[in-house]
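Q: Below is the structure, and that's it, no one-letter string:
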C-alpha cells in the first residue's frame, strides 16, 4: 500500500467527492471539466484554424479578447482536475497515460501562450501576412489539443487500479 | 422486463454486433465524440460570444466562417452518437438525461432555424467590425450558447442516470 495515496484516498475531501450521493458533487465536477475542455481546446483550435487561414477576413487583433475566456476555462479545469484527482488518486497516478495527458496539456498551454505573444500581442499583426512558422505552430497546437482530448478520454478505459487495493473492473 | 420491438430490432443489427465484438470501438467513438463537441463548442461558442459583444473588432460574417468546423464536429457526434445508441440502446432510451439532451438539441435546432431561416442571418452578414448585433440576434446567440452547454451537461451526466436494468450484459 502506498502511504501517500492511502492518506489522500482516506481523507475527508476525497471521500466526500467520491461518495456524496448527488449529481451536484462528483458528476458536476466531471461536467465542469468537460465544459472547460470544450472551451479551452475547442476555442484554441478555432483560433489555430484562423491562423491557418480558414476564416481569412477575421481580424486578428481582437482575437486577444477571447483569451480571458480560455484562461477561465483553464482555471476551471485545473481546479476540477485537482478535485477529480483527490477523489481517485490511485486510479489516475498509477496510469502512465495520466502523465502523458498532463504533459500534453502543459505543452498545449505553452504553445497557446507562445501563439498569443507572437501573433496577438504584436501591434503590427494586421498589416502583414502570417509567417510560415506561426502557421506551423498553429498546426502543431491543433495536433496537441486533439492528442490531449484523446488522452483524457482514454483514461476511462486504461486504468488498472480503481482505488488502493481495488483493481479496475474493465 | 420485456424488450420493446424497436430494441429487439436494434439488437439484431450488424452495427450492434460490431460495437459489442470490437472493444476498441467504444473508446474510439468516445474520443471522436469529445473532439466533435470541442469543435462545436469552440467555433459556435466564439461566434456566439462575438454576437454577445466579446471581441467586437471582429466582423460577425468573418468569424462565421469558422462555423463549418462546428458543423463538422456535430456530424462526427451524430455518427458516433448513433454508434453508442446501437451498442447499448436501453442506456439511452430509458434515461432522463438523454431526454433532456434531446430536448436541448431540439431547442438548439429551432434556434438555428430562427437564425438562418429568417432575416437574422442576412442582417448579421452585413455588419462590420465593432458593430453591435441587434438584441433579437443576441438572444439567439445566448440561446445557442446555453443550449449547447445544456446538451454537453446532459451528455456528460448520462451515465449517472443509467436505468438499473440491462437487457444484456
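A: Cool, the structure landed. These numbers come from a predicted model, not from an experiment. Numbering: from 1, shown residues only, chains lettered A, B, ... in the order given.

Q: The residue of chain A at minimum distance from chain B in helix, strand or coil?
A: In chain A, the residue that lies nearest chain B is residue A:42 (2.3 Å; C-beta to the nearest C-beta). (C-beta placed from N, C-alpha, C; glycine too.) Following DSSP: H, G, I helix; E, B strand; the rest coil, the label given to residue A:42 is helix.

Q: Output the set of residues of chain A in proximity to chain B.
A: A:23, A:27, A:30-31, A:34-35, A:37-39, A:41-46, A:49-50, A:54-59, A:61-66, A:69, A:145-146, A:149-150, A:152-154, A:156-157 (C-beta under 8 Å from any C-beta of the partner chain).

Q: Buried subset of those residues as a ChimeraX selection?
A: Remark: buried members of the residues of chain A next to chain B, expressed as a ChimeraX selection using 16 or more other C-beta atoms under 10 Å in any protein chain shown:
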select /A:27,30,31,34,35,37,38,39,41,42,43,44,45,46,49,50,55,58,59,61,62,63,64,65,66,69,145,146,149,150,152,153,154,157
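
Q: in chain B, what residue is nearest chain A?
A: For chain B, C-beta to the nearest C-beta, closest residue to chain A: residue B:42, 2.3 Å.

Q: got a pLDDT number for that residue?
A: For residue B:42, the pLDDT comes out at 98.

Q: Can you give me the neighbour number for it?
A: Around residue B:42 there are 28 other residues, counting by other C-beta atoms under 10 Å in any protein chain shown.

Q: for it, phi and psi?
A: phi -70, psi -50 (degrees, to the nearest 10).

Q: Give the full set of residues in contact with the residue lying closest to it once chain neighbours are set aside.
A: In this structure, residue B:42 finds its nearest non-sequential neighbour in residue A:42, 2.3 Å apart by C-beta to C-beta, 6 or more residues apart in numbering or on different chains. Applying C-beta atoms under 8 Å, 6 or more residues apart in numbering or on different chains, we find residue A:42 in contact with B:37-43, B:45.

Q: For residue 149, identify the helix or strand it belongs to.
A: Since you didn't name a chain, this refers to chain A. helix A:132-158 (DSSP states H and E).

Q: oops, I was thinking of chain B
A: Going by DSSP H and E, residue B:149 is part of helix B:135-157.

Q: Residues in contact with the host helix or strand of residue B:105: which ones?
A: Take DSSP H and E as the rule and residue B:105 turns out to sit in helix B:96-116. Helix B:96-116 is contacted by residues B:92, B:120-121, B:137, B:140, B:143-144, B:147-148, B:150-151, B:154-155, B:157-158, B:160-161 when judged by C-beta under 8 Å, 6+ apart.

Q: 6 Å instead?
A: B:92, B:121, B:140, B:143-144, B:147, B:150-151, B:154-155, B:157-158, B:161 (C-beta atoms under 6 Å, 6 or more residues apart in numbering or on different chains).

Q: Distance from that helix to the middle of the chain?
A: 8 Å (C-alpha atoms, centre = their mean, to the nearest Å).

Q: got the angle for that helix vs helix B:135-157?
A: Here helix B:96-116 points in a direction 160 degrees away from that of helix B:135-157 (axes from the mean of the first three to the mean of the last three C-alpha atoms, to 10 degrees).
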